[in-house]
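Peer 1: Generate a structure from the sequence data that follows.
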Amino acid sequence: QVQLVESGGGLVQAGGSLRLSCAASGRTFRMYAMGWFRQAPGKEREFVAAISWTGSTTWYADSVKGRFTISRDNAKNMVYLQMNSLKPEDTAVYYCAAARTLGQGQYSRESYDNWGQGTQVTVSS
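Peer 2: Reported below is the predicted structural model:
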């Protein structure tokens with residue numbers, strides 16, 4: 001088990017940037033693939049990005065590809081989501097998640113065993 005705490009959300013104008021951080025507790029962090037999901041009001045929680053255990057492989061939703069970058073620092077137990085060229089439709093609560101096996105695939109919420117409390121990102125037009 002890992003405990004996850006997100007930070008870095010806030011209000012930004014369209015076209016701006018934000019960097020989300022996710023701090024993980026525990027000594028087994030490097031054994032987890034990590035993901036970012038988001039949930040807008042009235043919508044399902046959706047996949048944003050994921051990164052493999054070593055950080056060698058990343059995956060992105062089509063809606064954020066080329067604008068967002070996921071990265072991790074296993075020495076610091078941290079995962080990051082750099083968000084550039086933000087759009088109003090990126091407004092949502094962003095959640096960090098950890099998965100031991102990605103049994104349902106990296107895009108599926110069901111693969112992730114542990115979740116943070118979320119951080120609000122609001123993009124104004």
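Peer 1: For the rest of this, base every contact and every neighbour count on C-alpha atoms.
Peer 2: OK.
Peer 1: Skipping its backbone neighbours, what lies nearest the residue lying farthest from the centre of the chain in space?
Peer 2: The outermost residue of the chain relative to its centre, with distances by C-alpha atoms, centre = their mean, is S125 at 22.8 Å. Excluding the flanking residues, the one nearest S125 by C-alpha to C-alpha, 6 or more residues apart in numbering is A14, at 5.3 Å.
Peer 1: And the one you found, how far from V123?
Peer 2: Here A14 is placed at a distance of 6 Å from V123 (C-alpha to C-alpha, to the nearest Å).
Peer 1: so G26 makes contact with Q1?
Peer 2: Yes - using C-alpha atoms under 8 Å, G26 is in contact with Q1, at 7.5 Å.
Peer 1: returning to that earlier point: what's the overlap in contacts for A14 and V123?
Peer 2: The contact sets of A14 and V123 overlap at 86-88 (C-alpha atoms under 8 Å, 6 or more residues apart in numbering).
Peer 1: Of these, which is the most crowded?
Peer 2: L86 (23 neighbours; other C-alpha atoms under 10 Å).
Peer 1: Looking at A14 and V123, which has the bigger crowd around it?
Peer 2: Using other C-alpha under 10 Å as the criterion, A14 and V123 rank with V123 on top: 20 against 17.
Peer 1: which ones are touching that one?
Peer 2: With C-alpha under 8 Å, 6+ apart, V123 has these contacts: 11-14, 86-91.
Peer 1: And A14, by the same measure?
Peer 2: Contacts of A14 (C-alpha under 8 Å, 6+ apart): 85-88, 123-125.
Peer 1: Tell me where this protein has strands.
Peer 2: Using DSSP state E, the strands of the chain run over 4-7, 10-13, 18-24, 33-39, 46-51, 58-60, 68-73, 78-83, 92-99, 114-115, 119-124.
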